[in-house]
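>>> Any chance you can model this:
(one chain, ligands or ions: 1)
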Amino acid sequence: MDSPQFRQAAHAAIDQSDNGQSSTTTTTSAPPGYLRELIPPGIPEDGESWENIQRDIEAKIMPGLTHWQSPNFLAFFPANSSYPGILGDLYSGAFTCAAFNWQCSPAVTELETIVLDNVARLINLPEEYHSAGEGGGVIQGTASEAIVVAVVAARDRAIAQSKEIWATQNLTEDEIEDRVCTLRGKLVALGSDQAHSSTKKAAMIAGIRFQTISTVMGEYSLTGAQVTHKLEDLHARGLVPFYLTTTLGTTPTCATDDFASISTALLAYHTAHPTAPKIWTHVDAAYAGAALILPEYQHIPLLFPSFADSFDFNMHKWLLTNFDCSCMYVRRRRDLTDALSITPAYLRNEYSDSGLVTDYRDWQVPLGRRFRSLKAWFVTRSYGVQGLRAHVRKALDGAAAFTQLVRADTVRFELVAEPAFALNVVRVRPPPGVVGQLEGGEAGAGFARRCNEVTKKVADRVNKEGKIFITPTVLGHGEESITAIRVVGAAPGVQVADLENAFRIISETVDAVWA
Ligand code: PLP
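The predicted structure is shown next:
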């Protein structure tokens, strides 16, 4: 492909992908393995024309796509796309510079620092996390990667703190090494039972233990008392808690942990056990962090400096920036670089050696990195603060309309958690005639079981029919578990009317399942 051919193909590709953006269909009916039937095996001996390749996008790829930008996509959490975001990825692809250090392309590093400081101001993140002090931000691929980085940095900080104490005890190097190995086996990373599974995965990757802290059914947010109980229990058993994921907007119900009481609990634990390694606390705001751009949520980040070593949210979920753009902030960037910096000879250069530049390779797992700040820059400039706020508010308004409809329909539905950050979590009641016949009425186990059965049937049927796409989920375990439906309309094209339409579709499906 030469330059004139590229220009022509690029125009055609943009026309085609723009049509895809406005699709109102959500799910695909493609069966497993559908693509193997359509695409001949192997790479052609001689290259094909772009026309040929492009035709296959329409005929073979599009039928297997779920349309996350559709106004009928109400599942999982959103993955927003926008025109400025797409343009950012286009330039990033065109420039392609694997800018692992400042010297590789100063613009890539410097724009990232500037954009992340701007985003920090946008969400009211205190100065401690800005680049002017000891902190700073970095774009990771995902919230899960941010947690891996935080856990590894936390592990190394915990070991370094213990080594400082042992250094005063007249031990040989071998003895210290033995102690490090013993300590590694005792380190425990923590998250609540509502925290995203990425904390457990990060612990697996880092080779350390992981334990959950139970929350109360119906509330779902972690409290200081629960943290204290777990920390003291581990300490009494000779284990060493060193890391805690707290969440702003949990995946199942968008619950927010009680940051103030957790902060107090951590302080009390460290006062009682002054030689215990300092617990690294991460705030995972993968989806809900976008809401911090609204004035009514901006008091929340002011609490962070009292307890949080790191914070992360995905602009690629609810803030109009195409996947991937996970904004991670730390209070002390040295914690990351101490844990993740390795400098073989070929990476040494006068700029890095001078200490005057940032090398983001030392803040992340991979070496190479894309020019991801471009899309965040384009999005924040194109929409401005007011445009971004209007986007987030629209989702909140749609969700509030849905909540109102659910609350008004006490025959069919129950909310199983307080609606938060544009997420509604509901369960479906059994037919009214059946409720009266159940032993113990609504208070009995039979009622809960019937709710679970009917909710699952409704969710499966709605998704099978494919007019809208919702997520069934299960809260809690065993006898007490609640099957529920999550509805979140935060794709850019979702209007209040789409949530009202979704309520109508779900209600009609309830009637059909009841019948
Ligand atoms: N944390 C929370 C609270 C989430 O809801 C999710 C996914 O939805 C994640 C982490 C993982 O996000 P990512 O795909 O960016 O790793």
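>>> Counting by contacts, list what the helix ranked longest in the chain packs against.
When the chain is parsed with DSSP state H, its longest helix is helix 373-408. Judged by 3 or more Cβ pairs under 8 Å, 6 or more residues apart in numbering; DSSP states H and E, helix 373-408 is in contact with helix 83-95, helix 106-122, helix 315-318, strand 413-415, strand 423-428, strand 482-488, helix 496-514. For the C-beta atoms, the positions are set from N, CA and C on the backbone; glycine is no exception.
>>> got the buried residues for stretch 270-278?
The neighbour-count check on stretch 270-278 (16 or more other Cβ atoms under 10 Å) flags Ala276, Pro277 as buried.
>>> Render the CA-only coordinates of that stretch in CSV, please.
Output of stretch 270-278 as CSV, limited to C-alpha atoms (Å, rounded to 0.1, in the frame of the first residue of the first chain):
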residue,chain,number,x,y,z
HIS,A,270,0.1,1.3,62.6
THR,A,271,0.1,3.0,66.0
ALA,A,272,-0.5,-0.3,67.7
HIS,A,273,2.2,-2.1,65.6
PRO,A,274,4.8,0.5,64.8
THR,A,275,7.3,-2.0,63.2
ALA,A,276,4.7,-3.6,60.9
PRO,A,277,5.2,-2.7,57.3
LYS,A,278,3.1,0.3,56.2
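>>> So what touches that stretch?
Identification of contacts with stretch 270-278 by Cβ atoms under 8 Å, 6 or more residues apart in numbering yields Arg157, Ala158, Ile159, Gln161, Ser162, Ile165, His235, Val240, Pro241, Phe242, Tyr269, Ile279.
>>> Name the residues of stretch 114-124 that are buried.
Val115, Leu116, Asp117, Asn118, Val119, Ala120, Leu122, Ile123, Asn124.
>>> any chance of these in a markdown table, plus distance to the ligand and pLDDT?
Below are the buried residues of stretch 114-124 laid out as a markdown table (distance: Cβ to the nearest ligand atom, whole Å; pLDDT from 0 to 100):
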| residue | distance to the ligand | pLDDT |
| --- | --- | --- |
| Val115 | 18 | 98 |
| Leu116 | 16 | 98 |
| Asp117 | 22 | 98 |
| Asn118 | 21 | 98 |
| Val119 | 16 | 98 |
| Ala120 | 19 | 98 |
| Leu122 | 19 | 98 |
| Ile123 | 16 | 98 |
| Asn124 | 20 | 98 |
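>>> wait, which of the residues you listed is closest to Leu388?
Leu122 (7.5 Å; Cβ to Cβ).
>>> Strands of this protein, start to end?
With DSSP state E as the criterion, the chain has strands at 136-140, 187-192, 209-213, 240-247, 280-284, 310-314, 326-330, 413-415, 423-428, 471-475, 482-488.
>>> Show me what the third one is packed against.
Pointing back at strand 209-213 there. strand 187-192, helix 198-206, helix 224-236.
>>> Among the ones you listed, show me which one is buried the most.
strand 187-192 (a mean of 24; mean count of other Cβ atoms under 10 Å).
>>> Now do that strand against helix 224-236, angle only.
For strand 187-192 against helix 224-236, the angle by axes from the mean of the first three to the mean of the last three Cα atoms, to 10 degrees is 160 degrees.
>>> ok, is strand 187-192 in contact with the ligand or not?
No: counting by Cβ under 6 Å from any ligand atom, the ligand has no neighbours in strand 187-192; the shortest distance is 9.9 Å.
>>> what's next to that strand, contact-wise?
So strand 187-192 is contacted by 151, 154-155, 158, 199-200, 202-203, 206, 208-215, 221-222, 226-227, 230, 234, 239-247, 250, 257 (Cβ under 8 Å, 6+ apart).
>>> ok, it: who's next to it in the sheet?
strand 209-213 (parallel), strand 240-247 (parallel) (DSSP bridges).
>>> out of those, which comes closest to Ala376?
strand 240-247 (22.7 Å).
>>> Now the residue minimising distance to the centre of the chain: closest residue in space, sequence neighbours ignored.
For the chain, Ala286 is the residue whose C-alpha lies nearest the centre (Cα atoms, centre = their mean; 3.0 Å). Once flanking residues are discounted, Ala286 sits nearest to Ala143: 3.7 Å by Cβ to Cβ, 6 or more residues apart in numbering.
>>> pLDDT wise, what is the one you found at?
The confidence metric pLDDT takes the value 98 at Ala143.
>>> ok, it - contacts?
His196, Ser198, Asp284, Ala286, Asp312, Phe313, Asn314, Ser326.
>>> And the pLDDT at the residue in the chain sticking out farthest from the centre?
What lies farthest from the middle of the chain is Asn170; by Cα atoms, centre = their mean that is 45.3 Å. The model reports Asn170 with a pLDDT of 89.
>>> Leu374 versus that one, what's the distance?
In this view, Asn170 and Leu374 are 54 Å apart by Cβ to Cβ, to the nearest Å.
>>> for the stretch 251-400 of the chain, which spans come out with low pLDDT?
Counting by pLDDT under 70, the stretch 251-400 of the chain shows low-confidence ranges at 351, 354.
>>> and it, which of its residues are near the ligand?
Residues of the stretch 251-400 of the chain lying near the ligand (Cβ under 6 Å from any ligand atom): Thr251, Asp284, Ala286, Tyr287, Asn314, Ser326.
>>> my guess is the fifth one contacts Thr142, does it?
By that I understand Asn314. Yes: taking contacts as Cβ atoms under 8 Å, Asn314 lies within contact range of Thr142: 7.2 Å.
>>> what touches both of those two?
With Cβ under 8 Å, 6+ apart as the test, Asn314 and Thr142 both reach Ser326.
>>> More neighbours: these two, which one.
Asn314 (30 against 17; other Cβ atoms under 10 Å).
>>> Contact partners for that one?
Contacts of Asn314 (Cβ under 8 Å, 6+ apart): Thr142, Ala143, Ala286, Tyr287, Gly289, Ala290, Cys325, Ser326, Cys327.
>>> redo that, cut-off 10 Å
By Cβ atoms under 10 Å, 6 or more residues apart in numbering, the residues touching Asn314 are 77-80, 140-143, 146, 284-290, 321, 323-328.
>>> for Arg370, same thing?
With Cβ under 10 Å, 6+ apart, Arg370 has these contacts: 89, 92-93, 95-99, 108, 139, 141, 324-325.
>>> again, 6 Å this time
For Arg370, the contacting residues are Ser92, by Cβ atoms under 6 Å, 6 or more residues apart in numbering.
>>> Now it, what are its backbone angles?
Here is the backbone geometry of Arg370 (degrees, to the nearest 10): phi -90, psi 170.
>>> Distance check, it against Ala99.
8 Å.
>>> now Ile176, nearest residue through space, not along the chain?
Using Cβ to Cβ, 6+ apart, the closest residue to Ile176 is Trp166 (5.3 Å).
>>> typed the wrong thing, it's Arg461
Thr509 (5.2 Å).
>>> Export stretch 428-445 to PDB, keeping only CA atoms.
Provided in PDB are the C-alpha atoms of stretch 428-445 (Å, rounded to 0.1, in the frame of the first residue of the first chain):
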ATOM      1  CA  VAL A 428     -37.500  -9.800  39.900                       C
ATOM      2  CA  ARG A 429     -40.200 -11.000  42.200                       C
ATOM      3  CA  PRO A 430     -42.200 -14.200  41.700                       C
ATOM      4  CA  PRO A 431     -45.800 -13.800  40.300                       C
ATOM      5  CA  PRO A 432     -48.100 -12.300  43.100                       C
ATOM      6  CA  GLY A 433     -50.200 -15.500  43.300                       C
ATOM      7  CA  VAL A 434     -47.100 -17.600  44.100                       C
ATOM      8  CA  VAL A 435     -45.800 -15.300  46.800                       C
ATOM      9  CA  GLY A 436     -48.700 -16.000  49.100                       C
ATOM     10  CA  GLN A 437     -48.300 -19.700  48.800                       C
ATOM     11  CA  LEU A 438     -44.600 -19.700  49.800                       C
ATOM     12  CA  GLU A 439     -43.800 -20.900  53.300                       C
ATOM     13  CA  GLY A 440     -42.800 -17.900  55.400                       C
ATOM     14  CA  GLY A 441     -44.100 -15.500  52.800                       C
ATOM     15  CA  GLU A 442     -41.500 -12.900  51.700                       C
ATOM     16  CA  ALA A 443     -39.400 -13.600  54.700                       C
ATOM     17  CA  GLY A 444     -38.900 -17.300  53.900                       C
ATOM     18  CA  ALA A 445     -36.000 -18.900  52.000                       C
END
